[in-house]
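Chemist: quick check, what structure comes out for this input:
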Amino acid sequence: MKQVKEYVNANKQRFIDELIELLSIPSVSADPAYKKDVARTAEWVKKSLLDAGVDKAEVIPTAFHPIVYGEKIIDKKLPTVMVYGHYDVQPPDPLDLWTSPPFKPVIKNGKIYARGACDDKGQMYMHVKAFELMMRNKMLPCNVKFLIEGEEEVGSESLGVFVKKNKAKLQSDVILISDTDIIANDIPSINVGLRGLSYVQVEVTGPNRDLHSGVYGGAVPNPINILCEMIASLKDKDGHITIPGFYKDVNKVSDKDRKELARAPFSLKEYKKDLGIDDVIGEKGYTTPERTSIRPTLDVNGIWGGYTGEGSKTVIASKAYAKISMRLVPNQSPDKTIALFTKHFTKIAPKSVKVKVIPFHGGDPLLLDTKFVGYAAAEKAMITSFGKKPIPVRGGGSIPIVALFKKELKTDSILFGFGLNSDNIHSPNESYGIFNYLKGIETISLFHQYYAEMRKKK
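Modeler: All right, here's what the predicted structure looks like:
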């Protein structure tokens, strides 16, 4: 432990400088305009792995964005830890809400502000630096593989194909993923569950062209009005989703498990204050933390149509659109959920319009195993570095690749994140605490030591 802390302290500024360099590259996977920057980031990550001490590293082309793979095999008889992360980031929009440019990182209030700071460049890079620490101090106790992708923010389609074709290459005993958060800097936690995702775009078409709202208003169907009415009908007054069959496969969480999850400290007052809202909403019968973790949801992520420019234009639009996401809980299927949504949304449309539902990417919900050596090692590492036993929590987000790893590689993952809810991931002014970054490097190094020791005893 002393050796780990000393190395982190001695190299603190270099670790920060390197992360700032990585964050300065705009690796936005969703926008083709950034394709060269995404490729440049992959090469940067490859070089960082080689500099840290892997035996080999490669940038692997895919149908979309490249994958970075690296490995250090010290003894095939020893256990192998695979690190998964992603180097791509969300689009920075809306740019006018950033207090500093999203790809010109700044440090203030003990945090690094930049797009990707927490999600996931900062958290991914902790593993590279933890590996460097172990290599430089001759304390690497197991084999390590790195699988770093560039499409996580757009569905990981290429990685899914890669995993299925490279099962032998990716064989490992445990997978470490830092793409989640902890409750607070003085309250460590480990994420033991993820919600799944079904994502669709809907298109509602009325007249065959945009029309003058004075000449035709009141007689011709307005797709925007109708779309809003259809969306409003998808939930009742108790926050219950009205799609027939939507809850049929939902896993009911026991009272015992709900009490365990309630151990995590939560202040509704502080929650509302942080978000600048006067009240919360949600499904009747559940607390706010439960609504964001163990219950499914349906949300509109974007809605548009007609004229949205400066000034006025009196028009009845020909089409209206919306993007809708549904977070899923264990036992729910993304494909089945989209089928239920499509059937219902088409059925509730009036005859005056036509409806089209376009499925986007999705992912399976997941409950992780807490009864194996990997989880025990992660727990012990946090106890050592934070001085407290971590609380098991369930996350509201989705990391579809975790379910794929379990299905294709038969390997359990540990969601070993160090971010905070206040880091504004996917939002303007994303940040990552320097404390969290350095504490992550320290804790990950300890995990490897404890995991190797526990595997040996076993």
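
Chemist: would you mark the buried spots in the longest helix anywhere in the chain?
Modeler: Longest helix of the chain, by residue count under DSSP state H: helix 434-457. Buried residues in helix 434-457, defined by neighbour count with 16 or more other Cβ atoms under 10 Å: 434, 436-452, 454-455. No exception for glycine: its C-beta is placed from N, CA and C like everyone else's.

Chemist: do a quick rundown of the helices in the stretch 251-400 of the chain.
Modeler: For the stretch 251-400 of the chain, the helices defined by DSSP state H, counting those that start in this stretch occupy 255-261, 268-275, 288-291, 334-347, 373-386, 400-404.

Chemist: okay, and for the stretch 251-400 of the chain, where does confidence drop off?
Modeler: Scanning the stretch 251-400 of the chain for pLDDT under 70 picks out no residues.

Chemist: quick revisit: and the helices of the stretch 251-400 of the chain: which comes nearest Ser312?
Modeler: Shortest distance between Ser312 and these, using Cβ to Cβ, is found for helix 334-347: 30.7 Å.

Chemist: distance from the chain centre to that closest one, please.
Modeler: 24 Å (Cα atoms, centre = their mean, to the nearest Å).

Chemist: repeat that for stretch 31-50.
Modeler: Going by Cα atoms, centre = their mean, where stretch 31-50 is centred and where its chain is centred differ by 20 Å.

Chemist: what does stretch 329-341 give?
Modeler: 19 Å.

Chemist: one step back: okay if I get the helices of the stretch 251-400 of the chain as CSV plus distance to Glu43?
Modeler: Formatted as CSV, the helices of the stretch 251-400 of the chain follow (distance: least, Cβ to Cβ, whole Å):
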stretch, distance to Glu43
helix 255-261, 42
helix 268-275, 38
helix 288-291, 41
helix 334-347, 33
helix 373-386, 31
helix 400-404, 22
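
Chemist: can you add distance to Ile74 and mean neighbour count and give those back as JSON lines?
Modeler: Formatted as JSON lines, the helices of the stretch 251-400 of the chain follow (distance: least, Cβ to Cβ, whole Å; neighbours: other Cβ atoms under 10 Å):
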{"stretch": "helix 255-261", "distance to Ile74": "38", "mean neighbour count": "13"}
{"stretch": "helix 268-275", "distance to Ile74": "45", "mean neighbour count": "11"}
{"stretch": "helix 288-291", "distance to Ile74": "42", "mean neighbour count": "17"}
{"stretch": "helix 334-347", "distance to Ile74": "39", "mean neighbour count": "17"}
{"stretch": "helix 373-386", "distance to Ile74": "18", "mean neighbour count": "20"}
{"stretch": "helix 400-404", "distance to Ile74": "26", "mean neighbour count": "21"}
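
Chemist: mean confidence score for stretch 12-24?
Modeler: For stretch 12-24, mean pLDDT is 98.

Chemist: go through that stretch and flag the buried ones.
Modeler: 15-16, 18-20, 22-23.

Chemist: out of those, which are inside helices?
Modeler: Going by DSSP H, the helices hold 15-16, 18-20, 22-23 from these.

Chemist: distance of Tyr34 from Phe103?
Modeler: Using Cβ to Cβ, to the nearest Å, Tyr34 is found at 10 Å from Phe103.

Chemist: meant to ask about Lys165, not that
Modeler: Relative to Phe103, and taking Cβ to Cβ, Lys165 is found at 33 Å.

Chemist: of those two, which one has the most company?
Modeler: Shown here are Lys165 and Phe103; by other Cβ atoms under 10 Å, Phe103 has more neighbours (18 against 11).

Chemist: is it true that the more buried one touches Ala114?
Modeler: Yes. Between Phe103 and Ala114 there is a contact under Cβ atoms under 8 Å: 6.5 Å.

Chemist: what is in contact with those two at once?
Modeler: 23-24 (Cβ atoms under 8 Å, 6 or more residues apart in numbering).

Chemist: who touches Glu283 in this structure?
Modeler: With Cβ under 8 Å, 6+ apart, Glu283 has these contacts: 238-240, 291, 295.

Chemist: what is the neighbour count of the nearest residue to Thr292 once chain neighbours are set aside?
Modeler: Excluding the flanking residues, the one nearest Thr292 by Cβ to Cβ, 6 or more residues apart in numbering is Gly396, at 4.2 Å. For Gly396, the count of nearby residues is 17 (other Cβ under 10 Å).

Chemist: what residues does Gly396 make contact with?
Modeler: Contacts of Gly396 by Cβ under 8 Å, 6+ apart are 195, 292-293, 327.

Chemist: any common contacting residues for Tyr34 and Phe103?
Modeler: Pro26.

Chemist: okay, the contacts of Gly396 in JSON lines with neighbour count next?
Modeler: Below are these laid out as JSON lines (neighbours: other Cβ atoms under 10 Å):
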{"residue": "Arg195", "neighbour count": "26"}
{"residue": "Thr292", "neighbour count": "20"}
{"residue": "Ser293", "neighbour count": "23"}
{"residue": "Arg327", "neighbour count": "24"}
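
Chemist: make CSV from those residues and add distance to His65 to it.
Modeler: Formatted as CSV, the contacts of Gly396 follow (distance: Cβ to Cβ, whole Å):
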residue, distance to His65
Arg195, 25
Thr292, 30
Ser293, 30
Arg327, 25
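
Chemist: nearest to Gly309 among those residues?
Modeler: The closest of the contacts of Gly396, once distances to Gly309 are taken by Cβ to Cβ, is Arg327, at 33.1 Å.

Chemist: looking at it, that closest one is touching Leu197, isn't it?
Modeler: Yes. Using Cβ under 8 Å, Arg327 is in contact with Leu197, at 6.1 Å.

Chemist: nearest to His86, out of the helices of the stretch 251-400 of the chain?
Modeler: When the helices of the stretch 251-400 of the chain are compared (using Cβ to Cβ), the closest one is helix 400-404, at 8.8 Å.

Chemist: and Lys323, how many neighbours does it have?
Modeler: 16.

Chemist: and if you look at the one 5 residues further on?
Modeler: Under the neighbour criterion other Cβ under 10 Å, Leu328 is assigned a count of 25.

Chemist: quick one: it and Pro296 touch, right?
Modeler: Yes. Look at Leu328 against Pro296 with Cβ under 8 Å: they come within range, at 5.4 Å.

Chemist: okay, and the common contacts of the two?
Modeler: Arg195.

Chemist: contacting residues for the closest residue to Gly306 other than its chain neighbours?
Modeler: Among residues not flanking Gly306 along the chain, Ala317 sits closest, at 3.6 Å (Cβ to Cβ, 6+ apart). Taking Cβ under 8 Å, 6+ apart, we find Ala317 in contact with 206, 210, 222-224, 305-307.

Chemist: report pLDDT for Thr180.
Modeler: Thr180 is given a pLDDT of 93.

Chemist: typed the wrong thing, it's Lys458
Modeler: pLDDT at Lys458 comes out at 66.

Chemist: only whichever of the contacts of Glu283 are buried, select them in PyMOL.
Modeler: One line in PyMOL is enough to select the buried members of these, burial here meaning 16+ other Cβ under 10 Å:
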select buried, resi 239+291+295
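
Chemist: what's the closest of the contacts of Glu283 to Ser427?
Modeler: Nearest member of those to Ser427, counting by Cβ to Cβ, is Arg291, at 19.6 Å.
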